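K.L.:
My questions are about this predicted structure, shown below with the sequence.
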Amino acid sequence: MRIRRPLAPVAAALLWCGAAGFSFALPAAAQDVGIEIGRVPPPVTIEDLDGNPVDLAQYVGKRPVLLEFWAQWCDICAALQPRLAAAAAQHAGKADVLVIAVAVNQSQRSVRRHLVDHPVPGRVLWDTGGRATRAYQAPSTSYVAVLDARGRVVYTGVGEDQDLSGALDRALAAR
């Protein structure tokens, strides 16, 4: 049995490094990071940007869903945004896109203000207390997890050059 609890401090340190302006050179393709491919993530309740609870179960297991762990200060997230917008447009009505704002070096209020001038595709949610970050084992911002209609992880990746449309195609093709 693999013990995962020690990874939480590592994930927090990586998020802090991103907030401090450090960047990491990571491969751009799908990776063996975060939650395991084939796994169904545990249920988690986070919030919308107004502080209302949102149970991710209302999305997971219904149809494919793409989750991006995001921050307004994340340059890689900004660079990934055109790919996210293209994937969301290409799969509109067939898949959900959720942008999970991490609670590191930003507040719900600052995220709302940022989105006025810099909208992102999909619903933006607030990762209350890092619950989603832990559930999806997100190692950093720009981390993406794609789940199929059964709620199983079919893709994870980090970086600005991810093939998000291809990942959603894979989720739609999964049986």
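P.N.:
Everything's here; your move.

K.L.:
Going by C-alpha atoms from here, please, whenever you check contacts or count neighbours.
P.N.:
Noted.

K.L.:
Strands of the protein, start to end?
P.N.:
Assigned by DSSP state E, the chain shows strands spanning 45-48, 53-55, 65-70, 96-101, 123-126, 143-147, 153-158.

K.L.:
tell me the most buried of these?
P.N.:
strand 143-147 (a mean of 28; mean count of other CA atoms under 10 Å).

K.L.:
quick one: contacts of that one?
P.N.:
60, 64-70, 136, 153-159, 167-168, 171 (CA atoms under 8 Å, 6 or more residues apart in numbering).

K.L.:
Roughly how far does the closest residue to residue 114 other than its chain neighbours sit from residue 153?
P.N.:
Nearest in space to residue 114, with sequence neighbours left out and distances taken as CA to CA, 6 or more residues apart in numbering, is residue 72 at 6.9 Å. The gap separating residue 72 from residue 153 is 25 Å, by CA to CA, to the nearest Å.

K.L.:
And for residue 162?
P.N.:
16 Å.

K.L.:
ok, back up a step: CSV for the strands of the chain, including distance to residue 37 and mean pLDDT?
P.N.:
Output for these, formatted as CSV (distance: least, CA to CA, whole Å; pLDDT from 0 to 100):
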stretch, distance to residue 37, mean pLDDT
strand 45-48, 22, 97
strand 53-55, 22, 97
strand 65-70, 14, 98
strand 96-101, 18, 98
strand 123-126, 23, 98
strand 143-147, 9, 98
strand 153-158, 5, 97
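
K.L.:
which ones are touching the nearest residue to residue 170 once chain neighbours are set aside?
P.N.:
Closest residue to residue 170 apart from its sequence neighbours, by CA to CA, 6+ apart: residue 154 at 7.2 Å. Residues in contact with residue 154 (CA under 8 Å, 6+ apart) are 37, 38, 145, 146, 147, 148, 167, 170, 171.

K.L.:
Quick check: residue 113 vs residue 87, distance?
P.N.:
24 Å.

K.L.:
more crowded one of those two?
P.N.:
residue 87 (22 against 12; other CA atoms under 10 Å).

K.L.:
Leaving out the residues flanking it, which one is nearest to the more buried one?
P.N.:
Nearest to residue 87 is residue 165, by CA to CA, 6+ apart, at 4.5 Å.
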